[in-house]
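Colleague: below is the sequence, then the predicted model.
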Amino acid sequence: MSKEKIILASASPRRRELLAEMGIQFEVVTADVCELDSISSPQLTPGDLAWENARLKAKAVGVVRPGRWVLGADTVVALGNRVLGKPTSTDQAKEFLRFLSGRTHEVITGCALINPDGEEIQFRVSSNVIFHSLTDATIELYLREVHVLDKAGAYALQERGEWIIERVEGSRTNVIGLPTEKLESVLKSRGLL
């Protein structure tokens, strides 16, 4: 492992946990940016939206911490071109879960890694998540047990996910918020692991 710490430009506790599990030394500097969404940027595909938000976060932190490795990431939950962000209320969370019930949707995480010279390395990873058909009782129970207002799509794979998710096709860590398999490959190629 390089002695050089990476700066994580994200307040996400899940991303912190995943980086720690990878054995990566990092510090957190949250990015003060206004994230794009499907309403403000309807021309962007869900994948491009994740990519652009990751880039915005990494660049904002790179400005205040020049000469450092900075990692920005953004995860979106999408069914077709509909992007489900973080719900603003329990009622909206119920709406999201009903919408996803019995269906397959895509979770895309865009990552932007900026090196000390300012070069950007961008990648994104997509996974498919297949939901069980959910009853209102299951949705109510899930929302009582899991705090979802800070989670895109109103759910968390790692918290009672088995109640609502039938299976995941692709990277499970991507669904949690950071595709560690791809990130590890990128960091190794840059001599950071």
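Modeller: Thanks, I have it.

Colleague: all helices in this structure, in order from the N-terminus.
Modeller: 13-21, 46-64, 90-100, 136-145, 172-176, 180-189 (DSSP state H).

Colleague: figure out how far the shortest one is from the centre of its chain.
Modeller: Put plainly, it is helix 172-176. Put simply, helix 172-176 sits 8 Å off its chain's centre (CA atoms, centre = their mean, to the nearest Å).

Colleague: still on that earlier bit, so of the helices of the chain, which one's packed in deepest?
Modeller: Mean neighbour count (mean count of other CB atoms under 10 Å) peaks for helix 172-176 among these, with a mean of 24. The way it works is simple: take the backbone N, C-alpha and C, and place the C-beta from them, glycine included.

Colleague: contact partners of it?
Modeller: Helix 172-176 is contacted from outside by 14, 18, 75, 107-109, 125-127, 129, 156-158, 168, 179-182, using CB atoms under 8 Å, 6 or more residues apart in numbering.

Colleague: cool, and stretch 60-73?
Modeller: Outside stretch 60-73, the residues that touch it by CB under 8 Å, 6+ apart are 4-10, 12, 15, 26, 29-33, 53-59, 109-116, 118, 177-178, 183, 192.

Colleague: give me the buried subset of those.
Modeller: By neighbour count, with 16 or more other CB atoms under 10 Å, these hold 6-10, 12, 15, 26, 29, 31, 33, 53-59, 109-114, 177-178, 183, 192 as buried.

Colleague: quick one: low-confidence ranges for this structure?
Modeller: Under the criterion pLDDT under 70, the flagged ranges of the chain are 1-4.

Colleague: spatially nearest residue to the most centrally placed residue in it (excluding sequence neighbours)?
Modeller: Compute the mean C-alpha point of the chain, and by CA atoms, centre = their mean the closest residue is Thr75, 2.7 Å away. Sequence neighbours aside, Thr109 is the residue nearest to Thr75 in space, at 4.5 Å (criterion: CB to CB, 6 or more residues apart in numbering).

Colleague: contact partners for Leu84?
Modeller: Contact analysis of Leu84 by CB under 8 Å, 6+ apart lists Val76, Val77, Ala78, Phe96, Phe99, Leu100, His105, Ala152, Gly153, Ala154.

Colleague: which of those sit farthest apart?
Modeller: The span of those, defined through CB to CB, is set by Val76 and Phe99 at 14.6 Å.

Colleague: how far away is Leu8 from Leu193?
Modeller: Leu8 is 15 Å from Leu193, where distance means CB to CB, to the nearest Å.

Colleague: if we can go back for a sec, let's have the helices of the chain in JSON lines, adding distance to Val83.
Modeller: Putting the helices of the chain into JSON lines (distance: least, CB to CB, whole Å) gives the following:
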{"stretch": "helix 13-21", "distance to Val83": "19"}
{"stretch": "helix 46-64", "distance to Val83": "5"}
{"stretch": "helix 90-100", "distance to Val83": "11"}
{"stretch": "helix 136-145", "distance to Val83": "20"}
{"stretch": "helix 172-176", "distance to Val83": "15"}
{"stretch": "helix 180-189", "distance to Val83": "21"}
